[in-house]
Structures are given as C-alpha cells and as structure tokens.
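>>> What shape does this take:
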Amino acid sequence: MEFAVADDDVWFSVFDIFPQTEESSGDDFVREVEIALSETEELHLAWDTSHRSVRIRYRREADLVVDVFRELVTVLTIEIREAGPVIAMEYRAEGCRGRTCVRTRPAFALPDVLLPT
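Predicted coordinates for the structure are as follows:
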C-alpha cells in the first residue's frame, strides 16, 4: 500500500510552515512539522514514508500531554473545516481500519477511531 502525504505547499498554506527532514533520525524519509497552537501549546508531527508510520505529540507548557504512534498509515492529509484545519490520518491493518484526526482550532482535540473490517 502507498502512503499519501499532503504536499509541502499544503502544510505551508495552512500552518505557515514547511515540513523538514527530522534531524534526530538521520533518515531522509522521516519528515516533521512543529506547529505552535498558542503561546503554551505545541503540536509535533513526524512521519516516516518508508515505514508508513506517524507520531503525534502535543505539549502544553513543558508537559507532554499526548504521544500517539500509528503504523500502516495510508493517508496523512489536512482537511479544512468550518472550525479550522484538521490533520487527518488513516491507517489499515488486517481485519481493521482506523482514522485519527488532530483538531487544532478552536482547541486541540484528538478523536481516534479503530473499526473492524
């Protein structure tokens, strides 16, 4: 299966930031964005296109509040909704499929659904 990721221009048009190569992994296939949601909140997304994985970390002040890792991801995209942009991720494994959405406005939220197929 393929791993379709929103183009760099889409990330820039929505969040005013281009994805970068993640320095800590040293792997060109790993990209990341760090998005300031407020003065005290930060969203960090990293994805590995070769392993089809995504990691979502949300910090409030110095505290790591959310740390989610998903494998077998097929889609990582940005949806524009009335309340604000949503980062949507879809993943699929034998016997199940899932969808995780990262809402950035008006407040951070992370609905995550896993369903049997």
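>>> Show me what the residue most central in space within the chain is bridged to.
Residue closest to the average C-alpha location in the chain (Cα atoms, centre = their mean): L45, at 4.7 Å. Taking DSSP bridges as the rule, L45 bridges to V33, I56.
>>> who are the neighbours in contact with it?
L45 makes contact with E32, V33, I35, V54, R55, I56, R57, I87, V102, according to Cβ atoms under 8 Å, 6 or more residues apart in numbering. For every residue, glycine as well, the C-beta is placed using N, CA and C.
>>> repeat that for 7 Å
By Cβ atoms under 7 Å, 6 or more residues apart in numbering, the residues touching L45 are E32, V33, V54, I56, I87.
>>> Run a quick neighbour tally on the second one.
Just to be clear, that refers to V33. For V33, the count of nearby residues is 19 (other Cβ atoms under 10 Å).
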